[in-house]
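K.L.:
Attaching a predicted model along with its sequence, questions to come.
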Amino acid sequence: MENLQSFFDQMKIEMSKQTDDIMTRIDEKLIPFRLEMQELRSENEKLKEKLYNLERHKRINNLIVYGMKETEKSTVNLIEIIKRKFKEDLNITFEDRDVNTIYRIGKNNQENGKERPILLSFVNLWKKNEIMANKKKLKNIYVSEDYPKEIIDIRRKLQPKLEEERKKGNYAFINYDKLVIKQGKPGNEKRKREPSTSPNAKEQHPSKQQSSVKTHRLNAFDVMRNRSNSLPPTNLPTVQNA
């Protein structure tokens with residue numbers, strides 16, 4: 001029995017060695033494939049990043065206008081309506097040549113009573129930024145950036161966190177697809193530094209110095225004059241007539 005048990009133990013050891021040897025060989029053969037998979041993943045991430053940047057750059061000059069009634073008869077008429085609205089509400093003007101493209105987004109369905117949003121693309125970025133900087137002055141309509149669907153979904157998910165941070169008193173906003181949070185309200189540090197950097201303070205300081213210097217000079221002159229008055233008079237030579 002002992003010889004039989006010893007035989008089985010020896011067989012287990014041999015089988016374990018053979019299994020380890022086989023696994024080692026398999027791992028060695030798989031190394032090139034694993035490296036290739038890593039390279040493919042890396043290339044895939046780079047391509048995703050390029051597509052992400054291209055998509056963002058393609059939309060950078062675009063605005064989405066919401067709430068504008070569909071009364072236009074043509075694309076030219078739509079441009080005129082948009083130009084008139086921005087002129088009335090924002091006092092911002094632009095010409096037809098400043099517009100790259102403009103159209104309604106989605107299928108035309110007047111039965112639901114909802115106005116389709118308008119995609120407005122400018123030739124230059126500065127005109128779009130000018131409108132975005134003054135968008136709070138718009139009446140009955142709303143404008144926003146042109147985001148891809150994936151970014152819209154991300155921003156929607158970040159919205160509850162944004163509101164939570166603002167309730168805490170923090171300065172928070174969504175920058176494209178990232179939530180930016182800063183402690184406290186914006187402008188506090190600037191207000192604290194204003195007294196020390198006030199132009200009035202700078203102007204007053206030199207004037208005080210000039211006033212003190214002037215006073216000092218006047219006092220010194222008075223002292224010298226008083227001293228001269230306290231000296232005894234001297235005999236002046238007489239002038240004889242010829």
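P.N.:
Nice, thanks for sending it over.
K.L.:
Could you check the pLDDT of residue 178?
P.N.:
Note for residue 178: predicted pLDDT of 87.
K.L.:
count of neighbours near it?
P.N.:
10 (other Cβ atoms under 10 Å). Backbone N, C-alpha and C define where each C-beta goes, glycine included.
K.L.:
cool, residue 102 as well?
P.N.:
19.
K.L.:
How about residue 37?
P.N.:
Residue 37, neighbours per other Cβ under 10 Å, totals 11.
K.L.:
Name the helix or strand for it, please.
P.N.:
helix 2-58 (DSSP states H and E).
K.L.:
OK, contacts around the closest residue in space to residue 173 that isn't next to it in sequence?
P.N.:
Among residues not flanking residue 173 along the chain, residue 180 sits closest, at 5.6 Å (Cβ to Cβ, 6 or more residues apart in numbering). Applying Cβ atoms under 8 Å, 6 or more residues apart in numbering, we find residue 180 in contact with 172-174.
K.L.:
Most neighbours among the residues you listed, please name it.
P.N.:
Most surrounded of those: other Cβ under 10 Å gives residue 172, at 18 neighbours.
K.L.:
how close does it get to residue 150?
P.N.:
Distance, residue 172 to residue 150, by Cβ to Cβ, to the nearest Å: 22 Å.
K.L.:
With residue 131 instead?
P.N.:
25 Å.
K.L.:
neighbour-wise, which of those two wins?
P.N.:
Taking neighbours as other Cβ under 10 Å, residue 131 and residue 150 compare with residue 131 leading, 20 against 11.
K.L.:
my read is the more buried one is in a helix, agree?
P.N.:
Yes: assessed with DSSP: H, G, I helix; E, B strand; the rest coil, residue 131 lies in a helix.
K.L.:
Now do the strands in this structure.
P.N.:
62-66, 99-104, 118-122, 142-145, 171-175, 178-182 (DSSP state E).
K.L.:
Can you name every helix or strand that the fifth one contacts?
P.N.:
Looking back up the chat, that one is strand 171-175. When contacts are defined as 3 or more Cβ pairs under 8 Å, 6 or more residues apart in numbering; DSSP states H and E, strand 171-175 sits against helix 149-167, strand 178-182.
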